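**Q** Sequence isn't available, so here's the structure alone:
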């Protein structure tokens with residue numbers, strides 16, 4: 001937008017263009033599949049029961065372990081929610097209080113960026129890959145736990161190997177139109193109008209430096225990079 005201001009001589013002059021509200025995507029975070037992760041301290045905003053949406057851009061580079069994207073659970077214990085890529089078949093999986101679901105039509109290959117999402121409405125989960133609805137399942141239960149949220153691992157095992165970008169959580173089941181908007185034909189989009197409760201842009205609001213990932217969602221729950229994950233300019237585009 002250009003603002004028009006009166007000049008001293010009675011004419012008009014154009015002011016500099018106002019800076020955009022949307023900070024375009026520049027960075028992702030690369031995880032080593034060994035011991036690093038992003039930790040977000042437990043808070044009521046992300047301790048969700050009932051309807052939920054998990055969304056992230058991912059690029060895995062290893063098949064040696066399950067690649068955990070979001071994990072909110074006790075170690076080998078009760079699960080609030082967990083989004084994972086199966087190491088053996090590249091399928092997207094959802095962990096919930098009743099167990100795990102692994103079954104998506106699309107195989108998530110290595111060295112390729114994908115947008116992945118799952119929505120839970122009532123007891124029905126719907127998977128999406130690159131904005132396209134995949135399989136849906138019933139019998140899903142999202143039950144709150146008081147564990148911290150981990151991005152990029154299930155701490156102690158199942159560390160993500162590769163890049164994660166624009167990770168977000170919603171306390172509602174987004175529509176297929178909303179998921180298509182997030183995918184945005186393969187380029188990360190401004191999702192602020194969808195009101196995420198957690199939105200970790202993986203460096204874009206932190207100048208790609210330091211160990212803090214600022215939460216751009218309404219919950220304001222910043223994350224801490226732990227054990228040395230690194231910023232990368234490898235991004236979905």
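**A** Arrived safely, thanks for sending. From a predicted model like this one, the values you see are computed outputs, not experimental measurements.

**Q** where does residue 228 land in three-state SS?
**A** Three states are possible here, and by DSSP: H, G, I helix; E, B strand; the rest coil the one that applies to residue 228 is coil.

**Q** before we move on, what about residue 193?
**A** helix.

**Q** what's the burial count for it?
**A** The burial count assigned to residue 193 is 9, neighbours taken as other C-beta atoms under 10 Å. From N, CA and C alone the C-beta is placed, and that goes for glycine too.

**Q** State the distance from the spatially most central residue of the chain to residue 88.
**A** For the chain, the residue lying nearest the average C-alpha position, counting by C-alpha atoms, centre = their mean, turns out to be residue 167 (1.7 Å). Taking C-beta to C-beta, to the nearest Å as the measure, residue 167 and residue 88 are separated by 24 Å.

**Q** repeat for residue 178
**A** As judged by C-beta to C-beta, residue 178 and residue 88 stand 31 Å apart.

**Q** okay, these two: which has more neighbours?
**A** Neighbour totals were compared for residue 178 and residue 88, and residue 178 leads with 19 against 8 (other C-beta under 10 Å).

**Q** Name the SS class of the more buried one, please.
**A** Of the three states, residue 178 takes helix under three-state DSSP.

**Q** who touches it in this structure?
**A** residue 194 (C-beta atoms under 8 Å, 6 or more residues apart in numbering).

**Q** measure residue 171 to residue 214 for me?
**A** When C-beta to C-beta is applied, the distance between residue 171 and residue 214 equals 20 Å.

**Q** I meant to write residue 173 there.
**A** In this view, residue 173 and residue 214 are 26 Å apart by C-beta to C-beta.

**Q** With residue 144 instead?
**A** Looking at residue 144 against residue 214, where the rule is C-beta to C-beta, the gap reads 24 Å.

**Q** just to revisit the earlier point, does the residue nearest to the centre of the chain fall in a helix, a strand, or a coil region?
**A** Going by three-state DSSP, the secondary structure assigned to residue 167 is strand.

**Q** mind listing the helices in this structure by residue range?
**A** Remark: helices assigned in the chain by DSSP state H are 176-183.

**Q** where does this structure dip in pLDDT?
**A** Counting by pLDDT under 70, the chain contains low-confidence residues at 1-23, 74-77.

**Q** Go ahead and confirm residue 104 touches residue 94.
**A** No: proximity of residue 104 to residue 94 does not meet the contact threshold set by C-beta atoms under 8 Å, at 9.8 Å.

**Q** Now the common contact residues for these two.
**A** When contacts are counted by C-beta under 8 Å, 6+ apart, residue 104 and residue 94 have residue 127 as shared neighbours.

**Q** residues in contact with the nearest residue to residue 107 once chain neighbours are set aside?
**A** Spatial nearest neighbour of residue 107, excluding adjacent residues (C-beta to C-beta, 6 or more residues apart in numbering): residue 90 at 4.0 Å. Contact partners of residue 90, counting by C-beta under 8 Å, 6+ apart, are 63, 107, 108, 109.
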